[in-house]
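Q: Take this sequence and fold it.
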Amino acid sequence: MFMSFQKGRTGFRLFSLLLLLAAVTLFCFIPVIPSLVIRDTLSHELMWSRCITADTSFGIRWTHSIHRSLIEEQYRIQSGQIVLSEMSFHDYGIGMENELSPGEELVISDGVFRIRHMNRIFPALHLFIGQVRANHTLLFAGQEIPLGTIDRPGSAITIQTETRSIFSMIGGY
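A: Numbering: from 1, shown residues only. Below you'll find the predicted structure:
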């Protein structure tokens with residue numbers, strides 16, 4: 001009788017261990033981590049990724065090809081979407097915003113044009129990394145990250161939010 005009880009107990013422990021391992025493995029594959037990612041548009045290869053929270057914001061700064069002045073766009077993450085919230089630039093001319101959407105405000109101070117209170121929603125941002133003078137730079141968490149260091153200049157990239165799993169965060173896909 002004692003031997004039968006030990007076998008039952010060992011079987012229960014083994015079953016419990018296997019069940020725990022299966023649960024942990026499954027948890028590692030379930031997408032639960034909100035992330036801002038940059039993928040190569042053609043290959044879909046993950047080039048860069050960082051965890052985000054509901055109030056994450058970031059910016060993109062580049063040099064305009066015609067005026068050769070800096071342009072900076074500020075974005076925030078809202079419900080998994082990317083929202084353009086502000087834009088600033090030094091020269092008003094070709095290729096620049098010429099109409100304000102309802103609620104937006106144009107402020108000019110210290111020689112800088114600033115469009116505030118923007119609420120333009122994008123599921124993803126698609127852009128080509130400049131090859132000559134654009135010097136596209138991602139502004140994220142206090143860092144300035146030249147996009148030319150993330151993918152080669154001239155590449156098409158997609159910036160978007162994704163919910164990633166622990167496994168994908170470790171594996172980098």
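
Q: Wait, a helix at Arg133?
A: No. Membership of Arg133 in a helix is not supported by DSSP: H, G, I helix; E, B strand; the rest coil, which gives coil.

Q: the helices in the chain, which residues?
A: 2-29, 166-171 (DSSP state H).

Q: Could you work out which of these reaches nearest to Ile71?
A: helix 166-171 (32.0 Å; Cβ to Cβ). Every C-beta, even on glycine, is put in place using the N, C-alpha and C of the backbone.

Q: looking only at pLDDT, what's the mean for that closest one?
A: Mean pLDDT, computed over helix 166-171, is 78.

Q: same for it, what does it pack against?
A: helix 2-29, strand 33-40 (3 or more Cβ pairs under 8 Å, 6 or more residues apart in numbering; DSSP states H and E).

Q: Could you tell me the least trusted of the helices of the chain?
A: Across the helices of the chain, helix 2-29 gives the lowest mean pLDDT, at a mean of 73.

Q: Give the buried residues for that helix.
A: Residues of helix 2-29 include none that count as buried (16 or more other Cβ atoms under 10 Å).

Q: and that helix, what other elements does it pack with?
A: Helix 2-29 packs on helix 166-171, going by 3+ Cβ pairs under 8 Å, 6+ apart.

Q: what sits up against the helix it packs on?
A: 27-29, 31-33, 35, 49, 51 (Cβ atoms under 8 Å, 6 or more residues apart in numbering).
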